[in-house]
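Student: How does the following fold in three dimensions:
(chains A, B, C and D)
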Number of protein chains: 2
Amino acid sequence: MTPRPTLRDVAARAGVSKSLVSLALRGDPGVGERTRERIQVIADELGYRSNVLARGLVQGRTHLLGVVISSLENPYHTEIVAGVEEAAEAHGLSVLLVHGSRDRGRLAQHLDTLTGLNVDGLVVISSWLEDEHLAAAARRTPLVMVGRSHAPVQGIDSVTNDDELGAALAVDHLVAAGRTRVAHVTGGRRPAALARRRGYEAAMSRHGLADVVRVVDRSPGGPALQDALDEAIHDGYDAVFARNDVAAFDVIDHALDRGLRVPADLAVVGYDDSALARRTRPRLTSVNQPRERMGARAVALLVERLGGRTDDQHEVLRPTLTVRAST
Amino acid sequence: MTPRPTLRDVAARAGVSKSLVSLALRGDPGVGERTRERIQVIADELGYRSNVLARGLVQGRTHLLGVVISSLENPYHTEIVAGVEEAAEAHGLSVLLVHGSRDRGRLAQHLDTLTGLNVDGLVVISSWLEDEHLAAAARRTPLVMVGRSHAPVQGIDSVTNDDELGAALAVDHLVAAGRTRVAHVTGGRRPAALARRRGYEAAMSRHGLADVVRVVDRSPGGPALQDALDEAIHDGYDAVFARNDVAAFDVIDHALDRGLRVPADLAVVGYDDSALARRTRPRLTSVNQPRERMGARAVALLVERLGGRTDDQHEVLRPTLTVRAST
DNA sequence: GGTCCGGACTGGAACGTTCCAGATCGTCGA
DNA sequence: TCGACGATCTGGAACGTTCCAGTCCGGACC
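Tutor: Here you go, the predicted structure:
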């Protein structure tokens, strides 16, 4: 394992000062054309690579962008990452990902690792981090949260999608298709779930269906999904809007087990338009959040902060509906 | 955005030298108990965090472990990451992920970013990196490849699973279930695909079925999967072993479209035991690579290298078969 | 009472860069 | 011929740590 060559090594070989090598390799215009080439050749020969640690230390910025993500299994999250990466590259930033399951302690620790590395900015795709830790990180480094409605913390930007609108899209679509009894499967106390539920209820009212609003809780502690569904089916419900795709699959699974046809007997709409939605039978109609765009906007907000903006920004993007065979 | 406090700041407040603060915070036994506490309190008050850049620069190691992954969408990859993370944490290492789609140039660049950061070790979960880049990185930093049969490069360790054995498990299972005409869906020229195909052919021979060996190519350039499947079905094939789960889903999809029953008319086995395998109808029987263990072994190999091992190690782990409704 | 010892602490060098204030040198105009 | 000037290059400080060689001091020992 050979030690990596330094500026000094290159300088010694080229017979110039380390400063000149630094200038030459960074393309400084004040370096003679012939020397620049000579230095470049020698650097390549030696396999010289600039040391990010040293550069970051002296410059105070690293051109690194840290992304904290709580779940790699969730394609909703990883597609946001793709958007972040693309936008970051366009700004000359490298993206470092840290992944922390749902362990709050570990996530906070990872946040520390990244701030300790002096990353230029942070993107948090996780609702499992505590405000306190977020605030501490944001005090030192620009931070934007994606997918989580703005935490009640100053100094943090956010990018979310309009969950109420998404729910409205789903209900409108079902009603337009002739369904009249639309149930909603919810779960958890997270803001996104609550917003979707609010959107569902509002849309039902708008269609004059307030009296058939029915919400089934899929939370671990809640009543069994199966029983609630059986009851709803018995009561003549012909459509379900689920809070996310996974819940929608469970509904479809159960309906098929009961011998119902989807969508003939029961139409189902999910939320997230995950990769799964395109792979299952029947293909799932789902509300699509503009994930790549969310990632791109997050980077844009960070760059603005680096440029000096000081007031908080909270962007809300509009979801769309992807219609497939389940409705 | 307040600048982060340094050792100097803490030292000034505590009225001691920066060296002592450094020793105290690192728990050096030569520091008086009272002073250590005083320093600790002040550090906490100021929100002091050690600067990874500076520490890495002087120590030559960063306690960081870099993971290069080409696809976040592939659960096979992300589960390996989970194994890496768990093992890394046990060794006091933080894991940094970089993700590079299938763009070789970008992946190589990310490899550079990580080596430039002086990570202590590299785990590569991608078969899209060129030997040349891998070799260059491995010259400076211990590197282990996961899931890719050892590249023809010196100085690199690897962890793979035994693809031939996996294929044998699949065929044995199908034959034991009474199937006699087992086709294989392959694709690509990657070593893993080739090994699975070899394993399929060998197992068929072993069962005296060498004369019904049939391999269908699903490569983009190859003949259409649909036609080849129709032909196989027409020829009385009653089972398919696919090179991965995605291919298996395509087979099932097509069979269902043709009005066949799975598994009654056609049994299907996939490879990878991905999350999808548990979610589709019918649930997919699949060969399961011990992914978390692969990640853990990768870290173990790196730690050995850091401990001074110099000869290359190539670990081959044994896959298992997860039987579900598709067979 | 002097010497030695060990615990507690300090100062400066080093890590590999960037940045800044110069140094060097040939050329050009007067 | 001389100074000024621009182009090209250099040396050292700085970044925030760790590490090493000391310094300082009170007490034990002879």
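Student: which parts of the stretch 151-300 of chain A sit against chain B?
Tutor: Residues of the stretch 151-300 of chain A lying close to chain B by CB under 8 Å from any CB of the partner chain are A:249, A:253, A:256, A:275, A:276, A:279, A:280, A:281. From N, CA and C alone the C-beta is placed, and that goes for glycine too.
Student: redo that, cut-off 10 Å
Tutor: A:155, A:245-246, A:249-250, A:252-253, A:256, A:275-276, A:279-282 (CB under 10 Å from any CB of the partner chain).
Student: What subset of those is buried?
Tutor: Buried subset of those (neighbour count, 16 or more other CB atoms under 10 Å in any protein chain shown): A:155, A:245, A:246, A:249, A:250, A:252, A:253, A:276, A:279, A:280, A:281, A:282.
Student: and residue A:20, how far is that from DNA strand D?
Tutor: Separation of residue A:20 from DNA strand D (CB to the nearest atom of the strand, to the nearest Å) stands at 4 Å.
Student: before we move on, back to that, which pair of the residues of the stretch 151-300 of chain A next to chain B spans the longest distance?
Tutor: Using CB to CB, these span at most 48.8 Å, a distance reached by A:155 and A:256.
Student: hey, where'd the helices end up in the stretch 51-200 of chain A?
Tutor: Assigned by DSSP state H, counting those that start in this stretch, the helices in the stretch 51-200 of chain A fall at A:52-59, A:75-90, A:104-116, A:131-138, A:163-176, A:191-206.
Student: How about the fifth one, which residues are buried there?
Tutor: Residues of helix A:163-176 classed as buried: A:163, A:164, A:165, A:166, A:167, A:168, A:169, A:170, A:171, A:173, A:174, A:175 (neighbour count, 16+ other CB under 10 Å).
Student: Which strands or helices does that helix pack on?
Tutor: strand A:182-186, helix A:191-206, strand A:239-242, strand A:267-271, strand A:285-288, strand A:314-317, strand A:320-322 (3 or more CB pairs under 10 Å, 6 or more residues apart in numbering or on different chains; DSSP states H and E).
Student: do you know which of the ones you listed lies nearest residue B:17?
Tutor: Among the helices and strands packed on helix A:163-176, strand A:314-317 comes nearest to residue B:17, with 45.6 Å by CB to CB.
Student: What lies in contact with the closest one?
Tutor: Contact with strand A:314-317 is made by A:144-146, A:149-150, A:156-165, A:289-291, A:293-294, A:297-298, A:300-301, as judged by CB atoms under 10 Å, 6 or more residues apart in numbering or on different chains.
Student: Poorly predicted segments of the stretch 101-250 of chain A, please.
Tutor: Applying pLDDT under 70 to the stretch 101-250 of chain A flags residues A:102, A:149-152, A:220-223.
Student: Could you list the residues of it in contact with DNA strand C?
Tutor: Selection of the stretch 101-250 of chain A residues close to DNA strand C by CB under 7 Å from any atom of the strand yields an empty set.
Student: And for residue A:312, the neighbour number?
Tutor: 16 (other CB atoms under 10 Å in any protein chain shown).
Student: pretty sure it is touching residue A:158, no?
Tutor: Yes - if you go by CB atoms under 10 Å, residue A:312 and residue A:158 touch, sitting 8.1 Å apart.
Student: Serialize the helices of the stretch 51-200 of chain A to a markdown table and add fields for distance to residue B:41.
Tutor: As requested, these are arranged in a markdown table below (distance: least, CB to CB, whole Å):
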| stretch | distance to residue B:41 |
| --- | --- |
| helix A:52-59 | 27 |
| helix A:75-90 | 38 |
| helix A:104-116 | 19 |
| helix A:131-138 | 17 |
| helix A:163-176 | 44 |
| helix A:191-206 | 37 |
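Student: wait, which of the ones you listed is closest to residue B:100?
Tutor: helix A:75-90 (8.4 Å).
Student: Determine the set of other helices and strands touching that closest one.
Tutor: Judged by 3+ CB pairs under 10 Å, 6+ apart, helix A:75-90 is in contact with strand A:64-69, strand A:94-99, strand A:121-125, strand A:143-146, helix A:291-306, strand B:94-99, helix B:104-116.
Student: does DNA strand C sit close to stretch A:305-318?
Tutor: No - judged by CB under 7 Å from any atom of the strand, stretch A:305-318 stays clear of DNA strand C, getting no closer than 14.8 Å.
Student: which parts of that stretch are buried?
Tutor: If you call a residue buried by 16+ other CB under 10 Å, then stretch A:305-318 has these buried ones: A:305, A:306, A:312, A:313, A:315.
Student: ok and the residue in the stretch 151-300 of chain A nearest DNA strand D?
Tutor: Going by CB to the nearest atom of the strand, DNA strand D is nearest to residue A:155 of the stretch 151-300 of chain A, at 20.7 Å.
Student: ok, now how distant is whichever residue of the stretch 201-327 of chain A sits closest to DNA strand C from residue A:174?
Tutor: Closest to DNA strand C within the stretch 201-327 of chain A is residue A:306: 14.8 Å, counting by CB to the nearest atom of the strand. Taking CB to CB, to the nearest Å as the criterion, residue A:306 is separated from residue A:174 by 44 Å.
Student: again, but for residue A:195
Tutor: Taken as CB to CB, the span from residue A:195 to residue A:174 is 18 Å.
Student: tell me the SS of residue A:277?
Tutor: Of the three states, residue A:277 takes helix according to DSSP: H, G, I helix; E, B strand; the rest coil.
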